[in-house]
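Student: Predicted coordinates and the sequence they were generated for:
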Amino acid sequence: MVANIIGAGIFTTTGFQAQDLGHPGWIYLLWAVGGVLALAGALCYAELGAAMPEAGAEYVYLRRTYGPALGFMSAFVSLIAGFSAPIAAAAKSLVRYVRPFVPLLGDESARLGPISIEDVAAMAVVWLLVAVHLRGHRGGFGFNDAMTLLKVLGITDNELLEYHWGDDWMVWDAVNTFTQRGQHVEYNLTSEGEGRTRVRFDIILDLAAPVPRFLIRRAKKIVLDVATESLRKRVMEKYAS
């Protein structure tokens, strides 16, 4: 149940919810209500499974309750939209999140015939998961458990940042998280004459778990790009006014 409920939607739509609702408490409330509904559905499925112990899940329940026509319609919709569409959306979302670390995935000109390289990567992810599950149910169960743990950590491992800033500098520190024992970042601007400004960006990480070096380098580049773009906007707004 946890693996099914915590999916791509939580990681891709929460930002839109935060923008519309305006307070994190409402988001947690929605998650809590959704969790109660999901638990109720899981209990219903458990009772139905105990009463009708056959392979086929809702197809069996609808066929035996309402007849074979509705059972077939349910299975057909699940095949075309109920399962296939969420799998495609989840694979696409995963590739979108990986794109900042693999610039090639964001290159619109990189294509394999009529298919973008991003879609090719998403399809490769789906077939990789198929290969994992074809190796046996034990390997599939272990993989699902590991992915579920990562997803739970993704929504529970929050960072609280403490900011200090001035006209030409900014400092922030992060408190302890699951992946980091600490984080210290300094951002300084130094004027070097008319029309020239030196930007110095320092980041110190105290990691609580091993992280590949290329991820750290890429994350630093992303943060620096965001910082310099924000600086550029501030300068342009200043001269525009």
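Tutor: Sure, I can see it.
Student: so how far is the host helix or strand of residue 127 off the chain centroid?
Tutor: Element membership for residue 127 (DSSP states H and E) is helix 117-134. Per CA atoms, centre = their mean, to the nearest Å, the displacement of helix 117-134 from the mean C-alpha position of its chain is 17 Å.
Student: cool, stretch 83-103 as well?
Tutor: That offset, for stretch 83-103, works out to 9 Å (CA atoms, centre = their mean).
Student: tell me which residues in that stretch are buried?
Tutor: Within stretch 83-103, the residues scored as buried using 16 or more other CB atoms under 10 Å are 90-96. Every residue, glycine included, has its C-beta placed from N, CA and C.
Student: Just the C-alpha atoms of that stretch, please, in CSV.
Tutor: Taking Å, rounded to 0.1, in the frame of the first residue of the first chain, the C-alpha atoms of stretch 83-103 are listed here in CSV:
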residue,chain,number,x,y,z
PHE,A,83,-1.4,0.8,-14.9
SER,A,84,0.3,1.7,-18.2
ALA,A,85,-0.3,5.4,-17.9
PRO,A,86,1.0,5.7,-14.3
ILE,A,87,4.0,3.7,-15.2
ALA,A,88,4.8,5.9,-18.1
ALA,A,89,4.2,9.1,-16.0
ALA,A,90,6.5,7.8,-13.2
ALA,A,91,9.3,6.9,-15.6
LYS,A,92,9.0,10.3,-17.3
SER,A,93,9.1,12.0,-13.9
LEU,A,94,12.2,10.1,-12.9
VAL,A,95,14.0,11.1,-16.0
ARG,A,96,13.0,14.7,-15.5
TYR,A,97,14.5,14.7,-12.0
VAL,A,98,17.7,13.1,-13.3
ARG,A,99,18.0,15.6,-16.1
PRO,A,100,19.9,18.3,-14.1
PHE,A,101,22.6,15.7,-13.4
VAL,A,102,22.7,14.4,-17.0
PRO,A,103,22.5,17.4,-19.3
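Student: Just the mean pLDDT for it, thanks.
Tutor: For stretch 83-103, mean pLDDT rounds to 81.
Student: cool, and stretch 130-138?
Tutor: For stretch 130-138, mean pLDDT is 82.
Student: For residue 132, list the residues it contacts.
Tutor: Residues near residue 132 by CB atoms under 8 Å, 6 or more residues apart in numbering: 139-140, 143.
Student: ok, 6 Å please
Tutor: residue 143 (CB atoms under 6 Å, 6 or more residues apart in numbering).
Student: With residue 94 as the reference, measure out to residue 120.
Tutor: Separation of residue 120 from residue 94 (CB to CB, to the nearest Å) stands at 13 Å.
Student: Do a quick rundown of the helices in the chain.
Tutor: 2-5, 8-21, 24-51, 58-66, 68-77, 84-98, 117-134, 137-156, 213-240 (DSSP state H).
Student: For these, give me TSV that also has distance to residue 111.
Tutor: Listed next are the helices of the chain as TSV, based on distance: least, CB to CB, whole Å:
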stretch	distance to residue 111
helix 2-5	33
helix 8-21	24
helix 24-51	37
helix 58-66	39
helix 68-77	32
helix 84-98	15
helix 117-134	6
helix 137-156	29
helix 213-240	23
